[in-house]
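Colleague: I'll drop the sequence and a predicted model, then ask my questions.
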Amino acid sequence: MDTNEEKVVAPSQLVLNNIMTRTSIRDYTEKPVEKEKVELMLRAAMSAPSAGNKQPWRFVVIKDKNTLQKISAHFKTMGMVQKAPMAIVLCGDLTKTFPGDGLGLWAEDVSAATENLLLAAHSLGLGAVWCGAYPMEGRVTILKEMLKLPENIIPLNVVPIGYPAKASAPKDKWKPENIHYEVW
């Protein structure tokens, strides 16, 4: 076999390969992310499952360098945001969720959308990392003020996105000791 040949991956393995090779990327080149790729990532995010098909996700796409720098300055664990050419803040709309005990399901729904967005970014040759905001009240308050979010919109996380500055090898996270069958 010629070593220059690309390994052919069966279509049934493409999704699994994308999931298992995704890594958190914190360093980016300055190359802007194309509008078409941004839309594809958002389409993937909006394809996530949601409780009762409520689809409570809302997105704030940020490309302004000043805003990216302000986010980094406010949150010590989000220093990588200013290195990225863009970020997407994934939010939940509290008017698009269940009342009472089901109110908190928006966070699960937006988390599913976030994972879809991360996988889409990886499949498009981009790097991204999930930076949590909710349920930390200080982070939520600052982001709501900075981004002028309405009262019913809660920021779940900030995802900086860009072309990776360097290759990142995936870690093997398989731990069979974390699995229990039938009962604990």
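Modeller: Cool, got the structure.

Colleague: which secondary structure state is assigned to the residue lying closest to residue 132 once chain neighbours are set aside?
Modeller: Once flanking residues are discounted, residue 132 sits nearest to residue 157: 5.3 Å by C-beta to C-beta, 6 or more residues apart in numbering. (Glycine included, C-beta is placed from N, CA and C.) Look at residue 157: counting by DSSP: H, G, I helix; E, B strand; the rest coil, its state is strand.

Colleague: same question, residue 125
Modeller: When the rule is three-state DSSP, residue 125 gets the label coil.

Colleague: need the contact partners of the lowest-mean-pLDDT helix or strand in the chain.
Modeller: Ranked by mean pLDDT, DSSP states H and E, the helix or strand of the chain with the weakest confidence is helix 11-21, at a mean of 89. Under the criterion C-beta atoms under 8 Å, 6 or more residues apart in numbering, residues 9, 119, 122-123, 170 lie in contact with helix 11-21.

Colleague: and the helices in the chain?
Modeller: Per DSSP state H, the chain carries helices over the ranges 11-21, 35-46, 65-74, 105-123, 137-146.

Colleague: and the contacts of helix 11-21 as TSV, adding pLDDT?
Modeller: Formatted as TSV, the contacts of helix 11-21 follow (pLDDT from 0 to 100):
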residue	pLDDT
9	67
119	98
122	98
123	97
170	92
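
Colleague: so which of those is the closest to residue 139?
Modeller: Taking C-beta to C-beta as the measure, residue 139 lies nearest residue 119 of those, at 24.1 Å.

Colleague: could you check the angle helix 105-123 makes with the least confident helix or strand of the chain?
Modeller: 110 degrees (axes from the mean of the first three to the mean of the last three C-alpha atoms, to 10 degrees).

Colleague: now do stretch 92-108: everything it contacts.
Modeller: For stretch 92-108, the external contacting residues (C-beta under 8 Å, 6+ apart) are 50-52, 54-58, 109-110, 134-135, 152-154, 156.

Colleague: if we go to 6 Å?
Modeller: 51, 54, 56, 58, 110, 152-154, 156 (C-beta atoms under 6 Å, 6 or more residues apart in numbering).

Colleague: just the buried residues of these.
Modeller: For those, a burial check counting by 16 or more other C-beta atoms under 10 Å picks out 51, 54, 56, 58, 110, 153-154, 156.

Colleague: can I get the contacts of stretch 92-108 in JSON lines with pLDDT and distance to residue 16?
Modeller: As requested, the contacts of stretch 92-108 are exported to JSON lines (pLDDT from 0 to 100; distance: C-beta to C-beta, whole Å):
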{"residue": "51", "pLDDT": "94", "distance to residue 16": "26"}
{"residue": "54", "pLDDT": "95", "distance to residue 16": "29"}
{"residue": "56", "pLDDT": "97", "distance to residue 16": "28"}
{"residue": "58", "pLDDT": "99", "distance to residue 16": "30"}
{"residue": "110", "pLDDT": "98", "distance to residue 16": "24"}
{"residue": "152", "pLDDT": "96", "distance to residue 16": "37"}
{"residue": "153", "pLDDT": "98", "distance to residue 16": "34"}
{"residue": "154", "pLDDT": "97", "distance to residue 16": "32"}
{"residue": "156", "pLDDT": "98", "distance to residue 16": "26"}
